[in-house]
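Chemist: Sequence below, structure please.
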Amino acid sequence: MPLNLPILLTWLRVALIPVFVGLFYLPDGMIPMTSKNISGALIFAVAALTDWFDGFLARRWNQTSSFGAFLDPVADKLMVAAALIVLVELDRASGWLAVVIIGREITISALREWMAQLGKSKNVAVAYIGKLKTGAQMVAILLLLWWGPLLPGVSTALVGRLALDVAAILTIVSMCYYLRVAAQQFREH
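Modeler: Numbers count the residues shown, from 1 in each chain. I've put the predicted structure just below:
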């Protein structure tokens, strides 16, 4: 396993997951919910930024590796799944939406693994629809974690839930896209 800054940033994202989840399980008398919300949103934002930054640095410094290519999406999916589960627990997101989003992530990860075994991983490389889905998902999660005033008259609860609905729709659309792209391989095998 190579150790370089991009991989260390990915490991940081993994290490932030128990800190993020644990924060919301601290007694309210220890840390008020408003502080948990702000801290949780900030931790999630740092994780999202490290996701972008580690990939950028790895490509820029030519420090890409098969281990980094494996760990990066795992860290992303774990962080998103943890955030969605926390949001369901806090009654800020619907359980069925979390299942749809997490289920898609597992399905596409398995599809990519299968396609990689066939030597066809480029067939299911990240597409623009996947990037849109990720953007909507990150905005939704951040707003639902913040759960407080953002701008006068703007409810993060309402905007966050709408963004999560959009993310869920894009989740289904992107899954259909990736499955359609891989359908030829399904027929051949």
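Chemist: strands paired with the helix or strand bottoming out on mean pLDDT in the chain, and their directions?
Modeler: Taking mean pLDDT, DSSP states H and E as the measure, strand 149-151 is the helix or strand of the chain with the lowest mean score, a mean of 76. The pairing partners recorded for strand 149-151 under DSSP bridges are strand 154-155 (antiparallel).
Chemist: Going by neighbour count, which residues of the lengthiest helix in the chain are buried?
Modeler: Taking DSSP state H as the criterion, the chain has its longest helix at helix 156-188. Of the residues in helix 156-188, those buried by neighbour count under the rule 16 or more other Cβ atoms under 10 Å are 156, 159-161, 163-164, 166-168, 170-171, 174-175, 177-178, 181-182. The way it works is simple: take the backbone N, C-alpha and C, and place the C-beta from them, glycine included.
Chemist: name the element the spatially most central residue of the chain belongs to?
Modeler: What sits nearest the mean C-alpha location of the chain, by Cα atoms, centre = their mean, is residue 80, with 3.7 Å. In this assignment (DSSP states H and E), residue 80 forms part of helix 66-89.
Chemist: Report the angle between that helix and helix 156-188.
Modeler: Orientation check (axes from the mean of the first three to the mean of the last three Cα atoms, to 10 degrees): helix 66-89 against helix 156-188 gives 130 degrees.
Chemist: Helix 66-89 packs against which elements?
Modeler: helix 5-25, helix 33-60, helix 95-117, helix 128-146 (3 or more Cβ pairs under 8 Å, 6 or more residues apart in numbering; DSSP states H and E).
Chemist: Out of those, which is closest to residue 88?
Modeler: helix 95-117 (5.0 Å; Cβ to Cβ).
Chemist: Centre of the chain to the closest one, how far?
Modeler: 12 Å (Cα atoms, centre = their mean, to the nearest Å).
Chemist: now swap in stretch 10-26 and tell me
Modeler: Between the centre of stretch 10-26 and the centre of its host chain there is 14 Å, according to Cα atoms, centre = their mean.
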